[in-house]
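Student: okay, here's the prediction I keep looking at, along with the sequence it came from:
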Amino acid sequence: MKKTAEAVTNAMVVGWSNLTVTDLPDDVIFLILSYLDVPSLGRICQTCTYLRALASSDSIWLRYSKRHNIIKDRCCDSLKNKCRVAQNWAQGKFQEVTLIKNPVRLLPWLQHDDSRLFFSSKNCIKQYQVLKNGHLRENSQRHLRGPKEDVCRFVNKNNLTVCGCRDGTVMGWETSSGCQLFNYKLHSSDAQCVDIIETLVVSGSRDATVKVTSMQPDGNYSRLRKTLNVGARVWSLAVSSHGSLVASGSSGCGGVPPVTIWDLHSGEVVSQLGSDHKRGAGVLDMKFESPYTLLTCGHDTCLRLWDLRTHTCVSTWVEPFDSALYCLATDNDNAIMTGTARHGMTRRWDKRCTNSLQMFYTGLCSSPVYSLAFNSRWMYVALDLCTNMVDFTSPATNNRNR
């Protein structure tokens, strides 16, 4: 119960000898606690339940949170716990656990939301429930099956799962029920990447095209709405959140710039980016952070942030070990993670810094990191023979972090 000055006065009537610090008003205790450092706050938390609750409040830890690179997510942890986990990130304190083992070497892709993790295994997209400790529970009844060939990549949005396959088909399911909605043969070669916006599917392929297809064709329109001729193999693509722009990442060969921005409605080229990149410096992954900011990474060992309003690269981060960047993930704030081709290595970047914050070796193997996802507590890393979880809520120290 919150104490007031009147309550303290009443306690004084009883006698000074019976008064303790807990008899002070809450705002006075908060003022005292605001002068303490972190070790002192920790000792205060060991005294009693009442002082522990006050010393653990967000108002006390707000100023300390500004000193840590806290990853932004929808986690409901207290600021105190977020600071603790952020310190574990900074000091390389984590435990690594193998969650999924692959019987053969794969090129897996994964997607993660608050409660589920989706993982491609050959011609199946497997679904796992994420438990409170970050571990996974397989739900074989919800696996998405149907492709005849291996799944290249897939995306989950708005209770829809859409994948591109090795035989050029694009398939879609209702995620919650697992009901197959469509199966279209769109490309003559691997459908390497897909994205969805409202009722449209956008897919890119090794056949050098990006195709825009309706998930709900009617009698007045063809199922295939547009074919965008990129001129080089398409390895990645992304659709902006407002649905007006499509970014495609190509192999960078044949004189084609590695990044092309298209108008989704007209199919016209808005801009071509990266014309100064080396030949073959293809873009392997990309993400829209906002309707007009785009992150890309690829064979040229660089992570780039593009501003599509000015059609310029506003920030560039270079992988120090000269390794190709296979994938990226972002918290849409300051934290970016990239997976490299070098021995299971992932790297953490901060938009406010020119150099990487940290490097993590995962998996104890020579596999590239084909896909990854992260939040403030865990990072999931997809390798050729396994998928691992890196748990930063654990106090254990892993010396493979640099």
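Tutor: Thanks, I have the structure now.
Student: just for this protein, where's the confidence low?
Tutor: Applying pLDDT under 70 to the chain picks out residues 1-18, 217-222, 363-365, 395-402.
Student: which residues does the most centrally placed residue in the chain contact?
Tutor: In the chain, the C-alpha nearest the mean C-alpha coordinate belongs to Ala329, at 3.7 Å (C-alpha atoms, centre = their mean). Residues in contact with Ala329 (C-beta atoms under 8 Å, 6 or more residues apart in numbering) are Lys287, Ile336, Met337, Leu372, Ala373, Phe374. For the C-beta atoms, the positions are set from N, CA and C on the backbone; glycine is no exception.
Student: can you check Arg352 too?
Tutor: By C-beta under 8 Å, 6+ apart, the contact set of Arg352 is Asn334.
Student: show the buried residues in the contacts of Ala329.
Tutor: When neighbours are counted using 16 or more other C-beta atoms under 10 Å, the contacts of Ala329 contain these buried positions: Lys287, Ile336, Met337, Leu372, Ala373, Phe374.
Student: beta partners for the fourth one?
Tutor: Beta-bridge pairing for Leu372 (DSSP bridges): Val381.
Student: could you check how far it is from Leu325?
Tutor: 11 Å (C-beta to C-beta, to the nearest Å).
Student: common neighbours of these two, please.
Tutor: Contact criterion C-beta under 8 Å, 6+ apart; residues shared by Leu372 and Leu325: Gly339.
Student: need phi/psi at Phe288.
Tutor: Recorded main-chain torsions at Phe288 are phi -80, psi 130, according to degrees, to the nearest 10.
Student: next, count neighbours for it.
Tutor: Here the number of neighbours of Phe288 (other C-beta atoms under 10 Å) works out to 22.
Student: and the host helix or strand of Met379, what does it pack onto?
Tutor: For Met379, the enclosing helix or strand under DSSP states H and E is strand 378-382. Contact analysis of strand 378-382 by 3 or more C-beta pairs under 8 Å, 6 or more residues apart in numbering; DSSP states H and E lists strand 110-112, strand 371-374, strand 386-391 as its packing neighbours.
Student: and that strand, how far out from the chain's middle?
Tutor: How far strand 378-382 lies from its chain's middle: 9 Å, per C-alpha atoms, centre = their mean, to the nearest Å.
Student: send me that strand as CSV with only the CA atoms.
Tutor: Backbone C-alpha positions of strand 378-382 (Å, rounded to 0.1, in the frame of the first residue of the first chain) are rendered in CSV as follows:
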residue,chain,number,x,y,z
TRP,A,378,16.7,-15.4,-27.8
MET,A,379,18.2,-15.8,-31.3
TYR,A,380,17.2,-18.7,-33.6
VAL,A,381,19.8,-19.8,-36.1
ALA,A,382,19.1,-22.2,-39.1
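Student: dump the residue contacts of Leu110.
Tutor: Under the criterion of C-beta under 8 Å, 6+ apart, the contact list for Leu110 reads Leu117, Phe118, Phe119, Ser120, Ser371, Leu372, Ala373, Tyr380, Ala382, Thr387.
Student: I meant to write Val256 there.
Tutor: Val256 is in contact with Val230, Gly231, Ala232, Ser250, Gln272, counting by C-beta under 8 Å, 6+ apart.
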